[in-house]
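Enquirer: Sequence first, then the predicted structure:
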Amino acid sequence: MERKVEKRDQWAKKREYILAMAGNVVGLGNVWRFPYLCYKNGGGVFLVPYCFFAVLCGAPLFLLETAVGQFTQEGTITCWRKLCPLAQGIGYAIIVIQLFSRLYSIILAWSLFYLVFSFRAQLPWASCNNTWNTDRCVELTSPNWTAEHNGNLTVNWTSETVTRSSVSEFWERRVLSMSGGIEEVGEVRWELVLCLLACWVACYFCIWKGVHTTGKVVYFTAVFPYVMLAILLVRGLTLPGAWQGLVFYLYPDPSRLADLQVWMAACSQVFFSYGVASGSLITLGSYNKVKNNCSKDSLWLCVLNSGTSFVAGFAVFSALGFMAHKQGVPIDMVTESGPGLAFIAFPQATAMMPLPQFWAACFFFMLILLGLDTLFTGLETITSTVVDMFPVQMRRPWRRELFLLVFCCVCFVIQISLATEGGVYQFQLVDYYGANGTCLLFLSLVQCVAVGWAFGADRLCDAVEEMTGQRPFVLFKLCWRYFTPLICLVCFICSFLDYQPLTSSRGHKYPDWAYHLGWAMALSSIVVVPIWGVGKFCLTEGSPRQRLSVLLHPVADPTDRKCHQKHTEHLPNETEMKPLSAHCPDML
């Protein structure tokens, strides 16, 4: 007897989709990256290029990917079979980036490590009376520190200087036990391994049953970070020196608008924070009901994402302003981006507050939930893609769960190397090259060409109108065809012109082989698109013109949704081999 093939999942309720999307797009970059970039690149003036890219790139791409997923009801790879078969390499390239992005789970392990230590009677990073501290350690929370070191600009938390803060030594010597470079792997930090294991177990059980479990988990993981952020915001604004921090955060410097790096930083931030070209928008959108109003959802989610980034800056810089006020030093002495802000500056700020354990626990618990949402959304993207590629084999009882278990185990074993003494250098290398903004710009460019020109912007507008009952704004059509691909092309070229080799957090250069490996990772996702296109073109029968006609010809048409649904449900694999018009004579 033939075994039953399960139907594709859908969100049980609309709010589950909204919360999952909110958890995906509002992540760690909103908390530690946007505020720092805003301060570093002209303060309030940075909002000008940020809004420019958000309106002309972020929002149009967000709607494009969400509409593609909802219209095709397919994952990251198989959706292109119904839109533009020649562009299916985009899906494979996205999966390559997602595989590199799985390494961000080590951030959750670091956060969990800090969270555990937050419940001690005294925060271990607040003092120098620990086994890992050196003679150069300085307790910045000491009442005598300001008098002894006021104005001492030699204090730096991420470089070898005369004095080192206690929080810096906790981060580098206790948490990471950093080696001298990427070539010195060192010993495995088993405490971090256990934290990493706990994070992967949590991710697995968040999505092991698909959207049935994900839709329930996001009620907590997507909402609670906002509660924590609101608590930290209120507390930060009531601290002495908070106003000084806010001035540094938003003080306008109009001259920075002429700096190319400011515009590139704004572009990179929009692409990262909006989650475009990562496959997650397509995947989450594909679980929607066909008649869902994706246009309205996309607009409000984009506003939520940018608004959260802006508000998070007030929470972060009010705390940093308090920190500078307490120490009697300029605020640029306590401001860093990325891990420097999350694991050095903010822990130091919490150590100076009353009830430091409570505020530290709130902050790191918020980081864990922010990272967890993004991580299990990426896992769902990879898993759903595999299930949609092999529906007959994978849509059977326990097939999905088994695949996900094996995948999580393999990722965990590979990432044990990140928990070594040289693991942070490996993380920086993958972060800088493997999942960088240049790759996202290229994939966004190709997506716009495939959808805006091959499938047709008018046809996508018809699809959106058929699903939502109203056509998208004319600006979206113009962006899909002209503005967004042109901006992506210009920024893609500028990213190479503005390239700077990666240096470690201590200012050391990486060995040559590491740079070669980094470029190999960066190009691995980009070259997939032309390789797939050329291979598909060569394997397709007919003259060159006939081949292009077949490969650029969409096999799904929004004018015949009922026929399209009928035959894609019963013929999950045939859509790859021949157009649906063969089954639906009225199509196209």
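Expert: Great, that's in hand. Residues are numbered from 1 along each chain as shown.

Enquirer: Need the distance between the two termini of stretch 26-36.
Expert: This stretch, stretch 26-36, spans 16 Å end to end (C-alpha to C-alpha, to the nearest Å).

Enquirer: Over to stretch 276-295?
Expert: Distances were taken as C-alpha to C-alpha; on that basis the terminal residues of stretch 276-295 are 16 Å apart.

Enquirer: dump the residue contacts of residue 377.
Expert: 20, 23-24, 280, 283-284 (C-beta atoms under 8 Å, 6 or more residues apart in numbering). Bear in mind the C-beta positions are built from the backbone N, C-alpha and C, glycine included.

Enquirer: Quickly find the element holding it.
Expert: Counting by DSSP states H and E, the element that carries residue 377 is helix 356-389.

Enquirer: ok now that helix, how far from the chain's centre?
Expert: Taking C-alpha atoms, centre = their mean, to the nearest Å, the mean C-alpha location of helix 356-389 is offset from the chain mean by 10 Å.

Enquirer: for the record, mean pLDDT for it?
Expert: Per-region confidence: helix 356-389 scores 93 on mean pLDDT.

Enquirer: quick one: buried residues of it?
Expert: If you call a residue buried by 16 or more other C-beta atoms under 10 Å, then helix 356-389 has these buried ones: 356-357, 359-389.

Enquirer: C-terminal to the least confident helix or strand in the chain by mean pLDDT, what's the next element?
Expert: Per-element confidence for the chain was summarised using mean pLDDT, DSSP states H and E. The lowest value among helices and strands belongs to helix 145-149, with a mean of 42. On the C-terminal side of helix 145-149, the nearest following helix or strand under DSSP H and E is strand 164-165.

Enquirer: and that next one, what other elements does it pack with?
Expert: The helices and strands touching strand 164-165, judged by 3 or more C-beta pairs under 8 Å, 6 or more residues apart in numbering; DSSP states H and E, are strand 137-138.

Enquirer: mind showing which ranges of the stretch 151-300 of the chain have poor pLDDT?
Expert: With pLDDT under 70 as the threshold, the stretch 151-300 of the chain has low-confidence stretches at 151-162.

Enquirer: what are the ranges of the helices in it?
Expert: Taking DSSP state H, counting those that start in this stretch, the helices of the stretch 151-300 of the chain run over residues 166-169, 190-207, 211-221, 224-237, 242-250, 260-274, 280-286, 294-327.

Enquirer: which one of these is the most hemmed in?
Expert: Mean neighbours per residue, mean count of other C-beta atoms under 10 Å, is largest over the helices of the stretch 151-300 of the chain for helix 280-286, with a mean of 28.

Enquirer: Name the residues that touch that one?
Expert: When contacts are taken as C-beta under 8 Å, 6+ apart, the neighbours of helix 280-286 outside the stretch itself are 17, 20-21, 24, 62, 65-70, 72-76, 79, 275, 294, 377-378, 380-381, 384-385.

Enquirer: mind running it again at 6 Å?
Expert: Taking contacts as C-beta atoms under 6 Å, 6 or more residues apart in numbering, the residues outside helix 280-286 that touch it are 20-21, 24, 65-66, 68-70, 73-76, 79, 275, 377, 380-381, 384.

Enquirer: ok, now stretch 425-442?
Expert: If you take C-beta under 6 Å, 6+ apart as the criterion, stretch 425-442 is touched by 97, 100-101, 103, 106, 182, 268, 271, 277, 418, 488, 491-492, 495, 502, 504, 514, 518, 521-522, 525-526.

Enquirer: repeat for stretch 404-423
Expert: Under the criterion C-beta under 6 Å, 6+ apart, residues 102, 106, 177, 179, 182, 184-189, 192-193, 196, 200, 204, 208, 383, 426-427 lie in contact with stretch 404-423.

Enquirer: how near is residue 309 to residue 28?
Expert: Residue 309 is 11 Å from residue 28, where distance means C-beta to C-beta, to the nearest Å.

Enquirer: same question, residue 302
Expert: When distances are taken as C-beta to C-beta, residue 302 and residue 28 turn out to be 18 Å apart.

Enquirer: same deal with residue 255?
Expert: Plainly put, residue 255 is 30 Å away from residue 28 if you go by C-beta to C-beta.

Enquirer: Please identify which of these two sits among more neighbours.
Expert: Higher neighbour count among residue 255 and residue 28: residue 28, with 22 against 10, using other C-beta atoms under 10 Å.

Enquirer: tell me the phi and psi of the more buried one?
Expert: Dihedral angles phi and psi of residue 28 (degrees, to the nearest 10) take the values phi -60, psi -30.

Enquirer: any idea how far it is from residue 308?
Expert: Using C-beta to C-beta, which is the criterion applied here, residue 28 is 12 Å from residue 308.

Enquirer: ok, now residue 419?
Expert: As it turns out, when the distance is counted by C-beta to C-beta, residue 419 lies 30 Å from residue 308.

Enquirer: Over to residue 432?
Expert: Using C-beta to C-beta, residue 432 is found at 25 Å from residue 308.

Enquirer: likewise residue 123?
Expert: Residue 123 sits 27 Å away from residue 308, taking C-beta to C-beta as the criterion.

Enquirer: what do you get for residue 61?
Expert: On the measure of C-beta to C-beta, residue 61 and residue 308 end up 18 Å apart.

Enquirer: try residue 458
Expert: When C-beta to C-beta is the yardstick, residue 458 and residue 308 sit 34 Å from each other.

Enquirer: do residue 98 as well
Expert: Counting by C-beta to C-beta, the gap from residue 98 to residue 308 is 23 Å.

Enquirer: ditto for residue 287
Expert: Applying C-beta to C-beta to residue 287 and residue 308 gives a distance of 23 Å.

Enquirer: Ok, residue 249 next?
Expert: Where residue 308 is concerned, residue 249 sits at a distance of 15 Å (C-beta to C-beta).

Enquirer: What of residue 11?
Expert: The gap separating residue 11 from residue 308 is 22 Å, by C-beta to C-beta.

Enquirer: And residue 319, by the same measure?
Expert: Look at residue 319 and residue 308: by C-beta to C-beta, they are 17 Å apart.

Enquirer: Need the phi and psi values for residue 503.
Expert: Residue 503 has phi and psi values of phi -120, psi 150 when expressed as degrees, to the nearest 10.

Enquirer: What's the local residue count around the residue nearest to it when sequence neighbours are not counted?
Expert: With sequence-adjacent residues excluded and distances taken as C-beta to C-beta, 6 or more residues apart in numbering, residue 503 is closest to residue 509, at 5.7 Å. Under the neighbour criterion other C-beta under 10 Å, residue 509 is assigned a count of 12.

Enquirer: And the helices in the stretch 351-500 of the chain, which stretches?
Expert: Under the criterion DSSP H, counting those that start in this stretch, helices of the stretch 351-500 of the chain are mapped to 356-389, 391-394, 399-415, 423-429, 437-449, 457-468, 474-478, 484-497.
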